[in-house]
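**Q** dropping the sequence and predicted coords here.
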Amino acid sequence: MTPEEMLKRLDAPLSLRRRVGYVTLAFSGLAGSGLIGLLWATEPGLPPRTRVAFGALVAIGLCWAAFGGWAVTRRAPLFARDRVVAGWVGLGAWLVFTAGVLAITTLRHKLEPTLIVVVLTLGVLAVANLRTARRERSALLRRKEQLEGPVSEVG
């Protein structure tokens with residue numbers, strides 16, 4: 001593949017497959033948040049831990065919906081920026097989940113060892129996903145620079 005062909009491929013916008021995936025993600029986040037919010041609104045007298053859990057799940061769903069909408073509306077090539085943003089959203093979702101778990105377990109005065117393992121495992125996965133996405137983006141940007149070559153000044 002020639003450098004020109006590679007540059008053209010790198011500069012391409014999101015594929016149809018990826019766009020459909022992000023639209024699906026956005027609708028899934030909205031649907032999940034909407035259903036949980038509806039359940040939350042129609043059930044009076046929920047215990048505080050359930051309200052905290054519902055609030056955390058609604059926030060996570062809305063963040064994924066916003067990310068899906070953002071990714072679909074990008075017209076310029078992303079060079080894996082979407083993966084980096086998804087990594088940050090995943091890390092943020094883990095933080096919201098962790099805060100919810102801490103709030104719920106504090107209300108119950110009991111911290112389950114299994115829950116600690118789950119929270120730590122999800123945190124490690126979120127950090128690893130973000131790190132991988134950042135590496136991929138850096139590699140793509142380096143490759144783009146190599147293919148473009150030195151830029152000559154017009155003067």
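**A** On my side now, so go ahead.
**Q** now do stretch 102-109: distance to the chain's middle.
**A** Distance, stretch centre to chain centre, for stretch 102-109: 26 Å (Cα atoms, centre = their mean, to the nearest Å).
**Q** same deal with stretch 130-137?
**A** Distance, centroid of stretch 130-137 to centroid of chain: 13 Å (Cα atoms, centre = their mean).
**Q** tell me the contacts of the residue sitting nearest the centre point of the chain?
**A** The C-alpha lying nearest the average C-alpha coordinate of the chain belongs to residue 86 (Cα atoms, centre = their mean; 2.8 Å). Listed by Cβ atoms under 8 Å, 6 or more residues apart in numbering, the contact set of residue 86 reads 67, 71, 129, 133. Quick note: C-beta positions are derived from backbone N, CA and C, even for glycine.
**Q** helices - which of the residues you listed land there?
**A** Members of the contacts of residue 86 lying in helices (criterion: DSSP state H): 67, 71, 129, 133.
**Q** can I get the contacts of residue 86 in a markdown table including distance to residue 145?
**A** A markdown table is the format used below for the contacts of residue 86 (distance: Cβ to Cβ, whole Å):
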| residue | distance to residue 145 |
| --- | --- |
| 67 | 27 |
| 71 | 24 |
| 129 | 25 |
| 133 | 19 |
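**Q** what's the most distant pair in those?
**A** 71 and 129 (15.5 Å; Cβ to Cβ).
**Q** neighbour count for these two, which is higher?
**A** residue 71 (22 against 18; other Cβ atoms under 10 Å).
**Q** these two touch, right, the more buried one and residue 20?
**A** No - when contacts are counted by Cβ atoms under 8 Å, residue 71 is not listed as touching residue 20 (11.4 Å).
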